[in-house]
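**Q** need a 3D model of the following:
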Amino acid sequence: MSSAPPDSVRGTAGANLLSVVTLLAALSVLLYVMWSRGDLPIGNAELRTVTARGDLAADELNTIEIFEANTPSAVFVSARSSRYPAEAPPVSSGTGILWDKAGHVVTNYHVVAPGDQYEVQLWNGLSYPADLVGQAPHKDLAVLRVNAPPQSIEPIVLGSSHDLLVGQKVFVIGNPFGYDHTLSTGVVSALNRTMRSPTDHLIRGVIQTDAAINPGNSGGPLLDSAGRLIGVNTQIFSTAAMANQGTAQSAGIGFAIPVDEVVAAVPQLIASGKITRPGMGVGLLDIQGIEGVAVRTVIPDSAADRAGLTGTAEGAFTRLRQQNGQLYEILRDRSFLGDVIVAIDTTQVRNRTDAIDALSQYEIGETAVLTIIRGNERLQLPVTLQGL
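**A** Numbering: from 1, shown residues only. Next up is the predicted model:
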């Protein structure tokens, strides 16, 4: 039988084991220190240390603060159509701006126009149904009202646009391509631009920026370096559109409706659902081969009716369907033609767009003098413009 080792032997072995463990621990600490200092090569690769970041620059902190403060005021707007199944994807989407504690949301008209059912997703990811309150197609503006809890509504801080300067920093918050709450930055690259609304009306005083505005940013906020709303993003300048290629590609130029214009329009949209603008109460029509714009219809008891304008007789046109499916109207008999407007005061009118642009310069109640061709006569008719 074997006997147990004496206590002296066991004590010596335990001491040796403790010494080995201590040595290994010390070696591990030494290797870690050498590795962290970059003194320990592994193969042929030099280990590098991580340099501390340090404080963020003041302009970076300002950008972060603007994004964090305004993200709750930028919402995702989706429009669906009752013509399609409920599970169908939205027919349109974009960004909206929480306007007030009542839940009004400002966005672009072209964002809501394709649909008749609306949904707004807030910063917290929760979505709520929304009602269309009003729209101004000629300004590319619309107002929804989201049925969300009041505590989740964070209205945007309003600024001004009349005192902007080229070169000021601007910030865009939106949902480009469906990516929620994306930030892009840039500067005011030009002021007092003119652009066309979806209904071909001129929008003046537009802000131009080089901050990225992509599909999905439409209707979202353009902010200044104080975090105030200075514009509603609406369009990009597209090289493809200029070349009639059909697919929009940004040229680094975006446009925003100035906030001063928005502030004037939104209360009217909330109160009455529309914005009154100067007009005559006529339907206008471009006819190939005829100088000026033809008066097709005159609304009874309108400003045009009271001024004595004459519309085109029924049966004056015949419709032809072209290969692309679009309907074109051709004048059947020139003797059926009504008045043709060739000038409004001193502005020459060559087509419907010229007439719309000219009338937009007036206020409701002002008088515009129309130069018209009626048969073989050239006449001048004063028209006192009404609200439409």
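**Q** how close does the closest residue to residue 275 other than its chain neighbours sit to residue 197?
**A** The shortest distance from residue 275 to any non-neighbouring residue, by C-beta to C-beta, 6 or more residues apart in numbering, is to residue 136 (4.4 Å). C-beta: built from backbone N, CA, C; applies to glycine. Taking C-beta to C-beta, to the nearest Å as the measure, residue 136 and residue 197 are separated by 9 Å.
**Q** what about the two, which has more around it?
**A** Neighbour count, other C-beta atoms under 10 Å: between residue 136 and residue 197, residue 136 has more, with 24 against 21.
**Q** in contact with the more buried one, which residues?
**A** Counting by C-beta atoms under 8 Å, 6 or more residues apart in numbering, residue 136 touches 109, 142, 265, 269, 274, 275.
**Q** if we go to 10 Å?
**A** Residues near residue 136 by C-beta atoms under 10 Å, 6 or more residues apart in numbering: 109, 142-143, 197, 199, 201, 261-262, 265-266, 268-269, 273-277.
**Q** which of those residues count as buried?
**A** Judged by neighbour count, with 16 or more other C-beta atoms under 10 Å as the criterion, the buried members of the contacts of residue 136 are 109, 142, 143, 197, 201, 261, 262, 265, 266, 269, 275, 277.
**Q** with adjacent residues omitted, what lies nearest to the second one?
**A** Beyond its immediate neighbours in the sequence, the residue positioned closest to residue 142 (C-beta to C-beta, 6+ apart) is residue 135, lying 4.2 Å away.
**Q** the one you found reaches residue 116, doesn't it?
**A** No - counting by C-beta atoms under 10 Å, residue 135 does not reach residue 116; the two are 12.0 Å apart.
**Q** higher neighbour count, those two?
**A** Shown here are residue 135 and residue 116; by other C-beta under 10 Å, residue 135 has more neighbours (21 against 13).
**Q** please tell me how far that one sits from residue 187.
**A** Note on residue 135: its distance to residue 187, by C-beta to C-beta, is 31 Å.
**Q** got it, and residue 264?
**A** Residue 264 sits at a distance of 25 Å from residue 187 (criterion: C-beta to C-beta).
**Q** over to residue 309?
**A** The gap separating residue 309 from residue 187 is 47 Å, by C-beta to C-beta.
**Q** who's more crowded, these two?
**A** Neighbours of residue 309 and residue 187, each counted by other C-beta under 10 Å, are more numerous for residue 309; the result is 22 against 15.
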